[in-house]
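[1] Dropping the sequence and predicted coords here.
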Amino acid sequence: MRSTARLELLDTVAALMLIGGLLLSLTVAKSWFWLAATGFALMTAVYALKGVRRLRSRRATAS
């Protein structure tokens with residue numbers, strides 16, 4: 001239960017980083033694209049972990 005909540009929190013933080021980085025890149029003269037790229041990488045890792053956990057739980061219940 002706790003790990004699911006942590007993944008959800010990490011997913012939310014990654015989405016905020018992605019959106020914030022893109023927004024800052026468009027509005028501020030400096031390049032904030034690195035923040036968006038970090039958010040995207042973090043979001044990809046979170047979704048991969050969620051997928052692995054879902055597959056494991058499906059295989060455990062199918063047996």
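    Now that the structure is in, tell me what you want to look at.

[2] Could you pull out the strands in this structure for me?
    Remark: strands of the chain are absent; assignment by DSSP state E.

[3] for the protein, which residue is closest to the average position?
    Centrality entry for the chain: nearest residue to the mean C-alpha point is residue 43, 2.0 Å, by CA atoms, centre = their mean.

[4] Tell me which residues touch that one, please.
    Contacts for residue 43 (CB atoms under 8 Å, 6 or more residues apart in numbering) come out as 11, 14, 15, 18. For every residue, glycine as well, the C-beta is placed using N, CA and C.

[5] The second one: what's it in contact with?
    Shown here is residue 14, whose contacts under the criterion CB under 8 Å, 6+ apart are 39, 40, 42, 43, 46.

[6] Grab the longest helix from this structure for me.
    helix 33-62 (DSSP state H).

[7] Low-confidence ranges, this structure, go.
    For the chain, the stretches flagged by pLDDT under 70 are 1, 63.

[8] 80 instead, please
    1, 29-30, 60, 62-63 (pLDDT under 80).

[9] that older thread, nearest to residue 61 among the contacts of residue 14?
    Residue 61 lies nearest to residue 46 out of the contacts of residue 14, by CB to CB, at 22.8 Å.

[10] for that closest one, what are its contacts?
    Contact partners of residue 46, counting by CB under 8 Å, 6+ apart, are 7, 10, 11, 14.

[11] and these as CSV, adding distance to residue 53?
    Below are the contacts of residue 46 laid out as CSV (distance: CB to CB, whole Å):
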residue, distance to residue 53
7, 8
10, 13
11, 13
14, 16
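
[12] Just the buried ones from these, in PyMOL syntax?
    Here is the PyMOL command that selects the buried residues among these (16 or more other CB atoms under 10 Å):
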select buried, resi 10+11+14
